[in-house]
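[1] Below is the sequence, then the predicted model.
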Amino acid sequence: SPAECPGLMPAALLVAAVVGGGLLLLLRRWFPGPQAARRPRHPAGAMRGKTVIVTGANSGIGKALAGELLKLRARVVMACRDQQSAEEAAQEIRDRAGAEPGQLVVKHLDLASLTSVRRFCEEIIAEETKIDVLINNAGVYQCPYTKTEDGFEMQFGVNHLGHFLLTHLLLDLLKASAPSRIVVVSSKLYKYGYIKFDDLNSEKSYDKAFCYSQSKLANLLFTLELARQLAGTGVTVNALTPGIVRTRLGRHVNIPLLAKPLFHLASLVFFKSPLEGAQTPLYLACSPEVEGVSGKCFANCEEEELMRHATDERAAERLWDVSRRMVGLDG
Ligand SMILES: NC(=O)c1ccc[n+]([C@@H]2O[C@H](COP(=O)([O-])OP(=O)(O)OC[C@H]3O[C@@H](n4cnc5c(N)ncnc54)[C@H](O)[C@@H]3O)[C@@H](O)[C@H]2O)c1
C-alpha cells in the first residue's frame, strides 16, 4: 500500500505520465489531424535580398516564422514589444539558422502605443531602403479588460488598430518596393465576432472572447478593403488563419490546476507546433504561387472560404473610416 511504500505513488504517476505521453505521441503519428497541413518546400535562398518585417517575432508563430525566413536568407526585422525577450529569441534563431551579420535585427514596437508605432515606422523609413514583406502577426488573446496607451480596448487596439496604423505608415515604402506583400494573421474565431460599431472600446460591456473574435474579424475586413485600395500598385495583401497552435497566446485563459498536465499533453498531440503554424504565413510571404493574389484568406497554404460577414465590403469600408479617425490619420 502507499503507506507502506511512500515512493510508490509518485513512481506510478511518473510511469502513467510516460506511458500516456508515449501513447498520445503515437496517436499523433497515426492521426496527424491538423498537423497534416500542406507544407510546400521553398527553394534554398528563396528570400535572399528581401527584407521582411515580422511583428511579435519573439515567441510562438512569429519566432518560428522569423527562423524560417532567416534560413531562406531573408533580412528579418523582428518588431517586438519586449526588447529583452526579443534579443534572446534573436540569438536563438541566429544560432539555429546561422545568420550573416545584420541579417536579423530587433526593433522595439509596442502596438498598444500609437507613439511607439509612429517611432518604429520613422526608424524603418530612415534605415531601410525597402520592405518586401510586412507580416502583421502580433496579437493578444482574451486578456482581462485593459486599455492601450491611447484608450482603446486592448485586443482591438493591438490586434487591429496598432497594425492598421503600422501598415498605413509603411505603405509608401511598401509601394516603392513593389512587388511587395502584406500578410495578416487572423483566426478562425472571427466567425463568432461582429464589429460593434457603437462600442468599439467595449466600455458598455466587456466579453473577452467576443473582443478577440471582433479583432480577428477586423483583420479580415482590413485585408479586404486594403486589397481593394492597393489594386494595381504591385502591393498585395492576404490574410490567414493558422489553426490551433501550441504557443503562449492562451496564457490569460484559466485552466484548473489539475487539468493543466492533461491539457498540455493533449496540446502536444492535437495542436500544431509553432513551426507548423508558421507555414501559411511563410507561404504567403515567399511562394510564387500567390504572386499577384490579393484580398484572400488562406489556411494550410490553401485559399479558405470566409463567412459572409468577413467579406462584407460596406462593413470593411466603415471600419476603415472609423479606424482612420481612431488612430488620428484624419487630423
Ligand atoms: N496560437 C493559436 O492557436 C492561434 C490561433 C489563431 C490565430 N493566432 C494568431 O497568431 C498570432 C501569433 O500568436 P501566437 O499564437 O504565436 O502567440 P504568442 O503569444 O506566442 O505571440 C504573440 C506575439 O505578439 C506579441 N505582442 C502582444 N502584444 C503586443 C504589443 N502590444 N506590441 C507588440 N507585440 C505584441 C507578443 O509579445 C508575442 O510575441 C496572433 O495574431 C494570434 O491571434 C494564433
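    That came through fine. This is a predicted model, so every value here is computed, not measured. Numbers count the residues shown, from 1 in each chain.

[2] Would you point out which residue is most central in this structure?
    N137 (2.8 Å; CA atoms, centre = their mean).

[3] quick one: contacts for G157?
    If you count contacts by CB atoms under 8 Å, 6 or more residues apart in numbering, G157 has them with L111, A112, K147, T148, D150. Using the backbone N, CA and C atoms, a C-beta is placed for each residue, glycine as well.

[4] Just name the shakiest helix or strand of the chain by mean pLDDT.
    When the helices and strands of the chain are scored by mean pLDDT, DSSP states H and E, helix 8-30 comes last with a mean of 74.

[5] Which one of the contacts of G157 sits in the busiest neighbourhood?
    L111 (28 neighbours; other CB atoms under 10 Å).

[6] What are the phi and psi values at V133?
    phi -140, psi 130 (degrees, to the nearest 10).

[7] For it, give its distance to the ligand.
    Computed with CB to the nearest ligand atom, to the nearest Å, the distance linking V133 and the ligand is 16 Å.

[8] Tell me how many other residues crowd that residue.
    V133 has 24 nearby residues by other CB under 10 Å.

[9] residues in contact with it?
    Counting by CB under 8 Å, 6+ apart, V133 touches K50, T51, V52, I53, A74, S180, R181, I182, V183, A285.

[10] and if you look at P274?
    Listed by CB under 8 Å, 6+ apart, the contact set of P274 reads G60, I61, K63, A64, V245, R246, T247.

[11] Distance from stretch 105-116 to the middle of the chain?
    15 Å (CA atoms, centre = their mean, to the nearest Å).

[12] Any buried residues in it, and which?
    Buried residues in stretch 105-116, counting neighbours by 16 or more other CB atoms under 10 Å, are found at V106, K107, L109, D110, L111, A112, S113, L114, S116.

[13] nearest residue to the last one other than its sequence neighbours?
    Closest residue to S116 in three dimensions, ignoring its sequence neighbours and counting by CB to CB, 6 or more residues apart in numbering: D110, at 4.0 Å.

[14] what sits against the one you found?
    D110 sits in contact with R81, S116, V117, E149, where contact means CB under 8 Å, 6+ apart.

[15] For the buried ones among those residues, write the corresponding PyMOL selection.
    Filtering the contacts of D110 down to the buried ones (16+ other CB under 10 Å) takes a single PyMOL command:
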select buried, resi 81+116+117
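
[16] what sits against the closest residue in space to R96 that isn't next to it in sequence?
    Of all residues not flanking R96 in the chain, G67 sits nearest, at 6.1 Å (CB to CB, 6+ apart). Neighbouring residues of G67 by CB under 8 Å, 6+ apart: I93, R96, A97.

[17] Also E100?
    No contacts exist for E100 under CB under 8 Å, 6+ apart.

[18] for I125, same thing?
    L169, L170, L173.

[19] Now, of the residues you listed, which are buried?
    Looks like those have L169, L170, L173 buried, using 16+ other CB under 10 Å.

[20] Which ones, among these, also lie beside the ligand?
    Applying CB under 6 Å from any ligand atom to those, one finds that nothing falls near the ligand.

[21] so can I have CSV of those residues showing distance to L25 and pLDDT?
    Formatted as CSV, those follow (distance: CB to CB, whole Å; pLDDT from 0 to 100):
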residue, distance to L25, pLDDT
L169, 45, 98
L170, 42, 98
L173, 45, 98
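
[22] Show me the residues you listed that map onto helices.
    Using DSSP state H, the subset of the buried ones among the contacts of I125 located in helices is L169, L170, L173.

[23] can I get those residues in a markdown table with distance to L265?
    Below are those laid out as a markdown table (distance: CB to CB, whole Å):
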| residue | distance to L265 |
| --- | --- |
| L169 | 44 |
| L170 | 41 |
| L173 | 45 |
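
[24] Closest one to K130 out of these, please.
    L173 (6.8 Å; CB to CB).

[25] The closest residue to that closest one other than its chain neighbours: how many residues sit nearby?
    Closest residue to L173 apart from its sequence neighbours, by CB to CB, 6+ apart: I131 at 5.3 Å. Neighbour count for I131, taken as other CB under 10 Å: 24.
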